[in-house]
Every structure is written in C-alpha cells, then in structure tokens.
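Visitor: Structure for this input, please:
(chains A, B and C)
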Amino acid sequence: MFFQNSDNNLLSSLNPEQLAAVTWPPQSALVLAGAGSGKTRVLTTRIAWLMQNGQADVHSILAVTFTNKAAKEMYARLSAMLPHNLRAMWLGTFHSLCHRMLRLHAQDAGLPKTFQILDTADQAALIKRLLKQMDIAEERLHPRVLQGFINAQKESGLRASVLEASDPHTRLLVQCYTEYEDICRREGVVDFAELMLRSYELLEHNGHLRRHYQNRFRHILVDEFQDTNKLQYAWLKLMAGGGASVFAVGDDDQSIYRFRGAHVGNMAELMREFHIDGPIKLEQNYRSVGHILQAANAVIANNEERLGKNLRTEAENGDKIRFLSAYNDLEEARFIAEESRCLQKDGVPLGQIAVLYRSNAQSRIIEQQLFQAGIPYKIYGGLRFYERQEIKHALAYLRLAVNPDDDNALLRVINFPPRGIGARSIENIQAAAAEQGCSLWQAACGMGEKAVKIAAFVRLINTFTEQAPVLSLPDMVREIIDDSGLYRHYQNQKQAAEQERTENLDELHTAAIWFKPEDSPFETLPENAAEQPTFPILAFLSNAALESGENQAAEGQEAVQLMTVHAAKGLEFDAVFLSGMEEGRFPSELSINERGGLQEERRLMYVAITRARKKLYISMAQQRMLHGQIQFGTTSRFVDEIPAELMHYLSPAQSDFARQQHLSASPNRIRQDAYESIENQNFHGYRIGENVRHNKFGTGVIIDALDKGTSAKLTVNFGKQGIKELDTEFAKLEKLN
DNA sequence: TAGCCGATAGTTTTT
DNA sequence: CTATCGGCTA
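Guide: As a prediction, this is how the structure comes out:
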C-alpha cells in the first residue's frame, strides 16, 4: 500500500500528553484540553489511530462536533490521514446526525417523509402566529419568552404532556407549548431542538433501532464537550448504552454557551457515569507567548468549580499586554486603526489581526475608523447567507413545491412579491383552514376561482409542484426565482441595497448548481433515492436550515477581522485587540446579576485572551455612546485580574491636534508618539488605568497623572460625576483592586 | 392593499 | 443611535 500507515508517522509529532490521549485504550475518557493545546488534532488522530489498528472501522465510529465547519475540517483531515472512504462515517454536528437518523427512520419517528426543518427565525414566526391565533397579547406573553420556554423544555427532554403547571403563567406556557407541538405536527416541521428530542425518543422507544445503533457505534467521540446540553448528553448516553467507549474532548474554562443551554456539569457527570478516574489533561500550549498565557491563567484562576488545569508554554514571554484607557470610544477606535496600520508595517498580515468585542453594537465605530484609515476589514456576525430575507423567500417557494402544507412557507410568500393578497384575504384563508381543520394551502385551493388572486397563486405553486420532480435542482431554483416574480421585484426597487438582493438570488442558484447531495457526507441518501425525485430539493432545504452559511472567519483574508468574542472561539491570530473592556459591558451588566453569570463572563475573557498568539492589546473607553447616550465606564474588573507586571500601560496623546501632526509628519512613528508609554510609572502609589474610590465622587478610573515631586496630580474619570483633577497630597483615594 | 411613519427596544449564537 | 415592527393613512 502506498499509504504510510505506520504508527510512527501518525504519532511521531505528538507530545506525551497528546500521545496518551490518542492511544488511550478503548474505554471512555475525558480529555481536558486547554486553549491551543492541539485538541482537534488529538481527536482526529485518535480516530485515525483507532482505524489503523483495526480497533474501529468507518461504520463503528460516531464523531460529533459542534459546528458544521468543524465537521468538515475533521472530515478533510481524516481523508488526508487515511486511505479509507469516509463517506459512510457518522461524523457531524448533533443536529445533522439526528437529522440523518430521522430521515432514515422518518416513519418510525412519526414524521412525514418530507419533513422540513425550522430555523430560529422560522420558529419565531410560527410562535408569533400561534400567539395571534390563540389571541394572547404580547404583553401577556412575549413570543421570545415562549420560544425560550419551548426550547428549554425540549432540551430538558420534556414534552408538554408531562409538564405540570402550578401557577397561571406556567399553565399558559404549557398550553401554548401543547398547541405549538400540534401545529408542528400538522405542518410537518421540526425545530432544532425537536431534531434532538425526536431522535432521542426514537431510540428510547424503539428497542430494535436502539440495539442496532448501540451495537454499531463502538467508539463515540465528542468535540467541544463542555458545550453539550442535557439532552445531547442523554442522547450520547443512550447511544453508548451498548458498551461503546465515549471519548470526550473539551475545556470547562471555555464553556461560554450556558445561555443557550450548555451544561458544563456534563463533564463531571460523564466522569462519574462512565467511571472515568480523572481527565487526561492537555496543558501544553502551542499558541501564545508567555505573557499572554500568564494573563489568561491569572484571570481564569479567579473562577471556582474548575476541573483544574494550568496552561504552560515553551515559548518566550514576548511583548507585554498593551493597555489603553481611551477618553472615549472614538479615541479607542482610532487607536485600534492606527495600531493596526503599525502592525501591518511591522509585517503582520492584516488577516492576522483581530478586533474582539463583547457585543456586536461595538463594532460600528471601529469599522468607521478602519474605513477612514483605509484599512481593509471584515466584520463577522449579522445575517448569514441562508438567513437573508430574499433567500428565505426563495426557499419558501421551494418548500411549497415539495410540501404545500407548510403554512409557515405559505404565509411568507403568499403576498411576496406583492400580488394583491392582503391581510383580509389571508384572514379568510386562515378562517377556512381553522373551520375545516386543514392546512392553509388546502383552504386556499378550496376558495375556488372567485378569489382571482388566490387562484393565481395556487396555480403558481401548482406549476412548481409539477416541475419539482422533473427539473434538476438548479433549474428548479432558477424557475422559482424567476417565475415567482422575486427577481423582478428586487430588480425594480429604487434602493441599491434592495437591488443587490438579486445578486444573492443568483448566488443561491449557483449554490444549487454546486450542491451534490450524494457528495455530502453530512447528508443522507435514502435507499429509495431514485424513487424520490424531489430528494435533491429536500436535501438542499435541510442543508440550508442546518448550515445557515459560514459565518466564522476564514484563513487568508487580507483584512482586519472584527467579531464578537463568542465568534472568535476556536480561532487564533497573531495580534488581538480586546476592546470595550469596561465594567458593565464586559462583564456584561446583565450577566453580573445572574447566578454563575460572572464566571461565564470570565471564561469568555479567558477565551478572548487565548486567541492571541503574539500581541494582545486591551482597551477601554471612559465614555461611550450607547443607545444615543453617553455612558461612563470604569475599567473592567477582568483587566485588574491580570497581574500588573504583564501589562504595559499606554496613555493617549493629549490632543487630537498633536496626533494629526505626528500622523502627517511620520506615519511610521505613530505608535511611539501618539500613545506614549507610561509603563512602570508610579505616581506616588497610583498608576494610570487604576480604579479608585473617592468618598464624594464614587468610583473612578485614573486616566492621566502628572508627577509634581512631593505629590502627583491625578486626572480621574468618575463617570457621571465627571472628570476631576485630584492631588495625592490632599485627596483621599481608596484603591479598588 | 401598500407604503410610510412613529413608537419601541436594545448580550453573547449554533444548530 | 438605529433597526425593526406594528399601526395608520392614502
């Protein structure tokens, strides 16, 4: 065989910790893998090693990742490492694997063959419709609350029928949940949580299937285990019930999705229930320089209930962490832009520079400054491809072509583009549907030719339905875009932004051309695919729902990368700007009051710090424009948790004018001149950036200082109390650290 | 029915 | 401040 299958090749470059994890005997294990410790590599190599040694084959492995991107990456890496055809391997996200199972056993799971997947927005739309139908005002029950309730219940494995309500509000929620389940059943749609729960129940109730899968999967491998929710853990337990080994990899310190149901406790639970003596720790970091790693370790050490690990590196200490307490958000953004330019001049590729922030709203001003400075940038976040309205509209037509009973899809496009079917007509259809207990589509069909506009719409959908089994997927998509009038509608709009939507519709057509259901390892090809001519459409739609378009940063972009800290998880950059480090923003005000919220924020901080390889900048704005108002902020407590000896404090130039002078005079020296370093400067026991309390002005931050010999004059920002100048000789200041 | 205007709310996000 | 949504008017 050409392929070099020797252990040496596969394992040679692993460190002892990694080697121990990869070659762990076929028993369950928990790998506690710190940031940058080669976690994905261990997981991938473990699979390859198992297969090389004949301990596992393509069919006996179940590998779960958290994102589609990670699944694809793992698939690519494994394909490069192994001579096997991996198509049959069950590798994917929890949801795509459950989807695969439900497509294969739709009937046993009590689902129609053509069941569709609701994404978050679809689910929200359905819930709004439900509340309106039940005549429940938003003040009484906000749609978001109900959506959260339903998802939380499903993720706890609870159906409406088993819920008991003691108070009226809960009773209402349960009542709505019951109705929601009913609507989903009628329309043949499943939400994300339902994919998990339905799959779980299928295995639980169907002993035959359960035994089949339990016998099949001997090795279950899970990535990002700290982000699993309770239902996913229960699903894994069920799958492993036949004695399979569970090899879970995760980092409790990087668990940042508690707000959407992630349960870090699963790690301890796994050790207990699978009789794992202790975690295998990967503590060797290959990413960051010493100072950055020390900062990360120091910050996270403030958390309790950790499984416990301490990252180490053989790298040099590197630069200190540069900290800037800017006067306002504009100043902060300008600093980031200028410093990016300097980094670029120093040879750092722009794509290796990231600007991180706690919330998306903070990106705008940074974006503006980068734009003004002529620095290319790319923002991650916001709408993704399959979430765009024009794409959702086109897909709604496609859904109707394979399943006209999909009320959600029908309502979305029955009058888009506008075709004279207004609220009144839709109410009529809804009334008829309610009376006959049928779908909106069936009601619309029953309205007869008198309702001219509705009849025309019915004919339109009917032509699509007829074409669906005949045309190829790309032709079908083109037909829908053109004949629905969508394309023309956007073309005729005045605003350029609306006209640009046609480009996305063209892109959807292109996506359909490239989409090959049989090529996708994450899709399932039913045995009777040939007899189901609309299968490509179903697969395309499912793919669109499950993979709403890549949102995570990709390599090789020659642009500064702007994203939230959450979005940066799993990525790394040579230089990182961590912006908006103000108390109340990061940690977020809202989470401080939540139980365990602060610890989660600190983990987020830990994730942020460990994204940086060589240079880390931390900045805050003493004044920030938020919701149209100026907010005053003090330095985040997390910044104070970084030992001062790792920090290098920068002070902003005294005036914009001064900076402009420097800018035009010597662009290369901006950094030195505009942001004068005041490191090690101790102003009679105080330093810039420090938080202090004054018994009259409250808490504030030292933003500037002047040594006067016998005393120092401190400029302190007391937020709402304003900026005050205080002399260390007279003022009574208490340090807050 | 369609488009416009005013009120309102406003973490983090993948599936 | 600004995006979104619902209600109101032409």
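Visitor: And for the residue nearest to A:Tyr233 when sequence neighbours are not counted, the neighbour number?
Guide: Among residues not flanking A:Tyr233 along the chain, A:Asn266 sits closest, at 4.6 Å (C-beta to C-beta, 6 or more residues apart in numbering). Using the backbone N, CA and C atoms, a C-beta is placed for each residue, glycine as well. Neighbours of A:Asn266 under the rule other C-beta atoms under 10 Å: 26.
Visitor: I figured A:Asn266 was touching A:Val222, is that so?
Guide: No. Using C-beta atoms under 8 Å as the test, A:Asn266 is too far from A:Val222 to be in contact (9.7 Å).
Visitor: what helix or strand is the residue nearest to A:Tyr233 on?
Guide: Taking DSSP states H and E as the criterion, A:Asn266 maps to helix A:265-273.
Visitor: How about A:Arg364?
Guide: helix A:363-372.
Visitor: give the contact list for A:Val42.
Guide: Applying C-beta atoms under 8 Å, 6 or more residues apart in numbering to A:Val42 gives the contacts A:14, A:18, A:21-22, A:31, A:33, A:249, A:282.
Visitor: ok, now with 10 Å
Guide: Contacts for A:Val42 (C-beta atoms under 10 Å, 6 or more residues apart in numbering) come out as A:14, A:17-22, A:24, A:31, A:33, A:49, A:223, A:247, A:249, A:280, A:282.
Visitor: what's the closest of those to A:Gly207?
Guide: Set against A:Gly207, the nearest of those by C-beta to C-beta is A:Phe247 (26.0 Å).
Visitor: now A:Leu102, nearest residue through space, not along the chain?
Guide: Closest to A:Leu102 by C-beta to C-beta, 6+ apart is A:Ala109, at 5.2 Å.
Visitor: meant to ask about A:Ala268
Guide: Nearest to A:Ala268 is A:Leu307, by C-beta to C-beta, 6+ apart, at 7.4 Å.
Visitor: Check A:Tyr200 too.
Guide: Using C-beta to C-beta, 6+ apart and skipping residues adjacent in sequence, the residue nearest A:Tyr200 is A:Trp235, 4.9 Å away.
Visitor: Can you classify A:Ala63 as helix, strand or coil?
Guide: Classification of A:Ala63 using DSSP: H, G, I helix; E, B strand; the rest coil returns strand.
Visitor: again with A:Leu356
Guide: Strictly by three-state DSSP, A:Leu356 counts as strand.
Visitor: Contacts only, for it.
Guide: Counting by C-beta under 10 Å, 6+ apart, A:Leu356 makes contact with A:362-363, A:561-568, A:571, A:573, A:576-580, A:586, A:604, A:607-609, A:611-612, A:618.
Visitor: For DNA strand C, see how far away it is.
Guide: A:Leu356 is 21 Å from DNA strand C, where distance means C-beta to the nearest atom of the strand, to the nearest Å.
Visitor: pLDDT wise, what is that residue at?
Guide: Listed pLDDT for A:Leu356 reads 96.
Visitor: likewise the one 4 residues further on?
Guide: What the model reports for A:Asn360 is a pLDDT of 91.
Visitor: Drop anything exposed from the contacts of A:Val42.
Guide: A:14, A:17-22, A:24, A:31, A:33, A:49, A:223, A:247, A:249, A:280, A:282 (16 or more other C-beta atoms under 10 Å).
Visitor: related to what we said a few turns ago, between the contacts of A:Val42, which sits nearest A:Phe638?
Guide: A:Ala33 (22.8 Å).
Visitor: out of everything not next to it in sequence, what's closest to the closest one?
Guide: A:Ala33 sits nearest to A:Lys39 (C-beta to C-beta, 6+ apart), 3.7 Å away.
Visitor: Tell me who's in contact with A:Gly448.
Guide: A:Gly448 makes contacts with A:454-455, A:458, as judged by C-beta under 10 Å, 6+ apart.
Visitor: possible to save these as TSV with secondary structure?
Guide: Shown next, in TSV, are the contacts of A:Gly448 (three-state DSSP):
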residue	secondary structure
A:Ile454	helix
A:Ala455	helix
A:Val458	helix
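Visitor: Nearest to DNA strand C among those residues?
Guide: A:Ile454 (20.1 Å; C-beta to the nearest atom of the strand).
Visitor: Give me the pLDDT value at the closest one.
Guide: A:Ile454 carries a pLDDT value of 90.
Visitor: Pretty sure it sits against A:Cys445.
Guide: Yes. Using C-beta atoms under 10 Å, A:Ile454 is in contact with A:Cys445, at 9.0 Å.
Visitor: Strands of the stretch 401-550 of chain A, start to end?
Guide: Applying DSSP state E, counting those that start in this stretch to the stretch 401-550 of chain A gives no strands.
Visitor: no wait, the stretch 1-150 of chain A
Guide: A:29-33, A:61-65, A:90-93, A:116-118.
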